[in-house]
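[1] below are the sequence and a predicted model for it; my questions follow.
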Amino acid sequence: MVLNSIEKLLEKYDNGETSIKEEQQLKEYFAQEEVAPHLESYKTMFQYFSNTKQELYTKDVPLKPRKSYIYQWISVAAVAVLMLGILIPNILGGAQTKDPLAGFTDEERKVYTQTKEALSLLSTSFNDAASSVNTLSLVSTNFQKGTDKANYVNEFAKTTNKLVKTKKTPKH
């Protein structure tokens, strides 16, 4: 009779429908030395629960976390670097004149202008040549695609010929 009531309590326990008093009865039953063989797994589980209840956490838990001010100092340093990066060129750059060619003679200005025009022409020619190379690359890519498709058609034709070709059987 006791075994039947324990099995009913276990069924209620598995469904989460037991009261505290009923769970206490289960704990007392599984604390015994002899338990029905088919309920051994429950005995292990209830022993685990009673053992873990007795464990204590002895380590101190700090209540106040230490504050780290490193992020505040990093932001202050970043603002200082930005301010210096803006102010120094304005302060030191104020003495420079707006025209970079102001200190040159007429002949130096003429040579500078001619050099600038020659480099501009060279740049334009180089860009045109690079465009031509890109066009050749595109043609080469398209040619390769066409070759791949022709090979595919060739393989298809070989396979078709093998399937369609009838073997001549020797006459007996």
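    Received it, and whenever you're ready, just let me know what you need.

[2] S123: which element?
    Following DSSP states H and E, the helix or strand that holds S123 is helix 106-164.

[3] SS state for the residue nearest in space to the middle of the chain?
    The centroid of the chain falls nearest to Y71 when counting by CA atoms, centre = their mean (25.8 Å). Three-state secondary structure (criterion: DSSP: H, G, I helix; E, B strand; the rest coil) places Y71 in helix.

[4] what's the burial count for I6?
    19 (other CB atoms under 10 Å). Every C-beta, even on glycine, is put in place using the N, C-alpha and C of the backbone.

[5] helix or strand: which one has it?
    In this structure, I6 sits in helix 2-15 according to DSSP H and E.

[6] the residue nearest to the centre of the chain and L84: what is the separation?
    Going from Y71 to L84 by CB to CB, to the nearest Å gives 21 Å.

[7] kindly report the same for S41.
    The gap separating S41 from L84 is 72 Å, by CB to CB.

[8] ok, now S5?
    Using CB to CB, which is the criterion applied here, S5 is 83 Å from L84.

[9] now L119
    Using CB to CB, L119 is found at 35 Å from L84.

[10] ok, now A118?
    If you go by CB to CB, the gap between A118 and L84 works out to 39 Å.

[11] got it, and V76?
    When V76 is compared with L84 (using CB to CB), they lie 13 Å apart.
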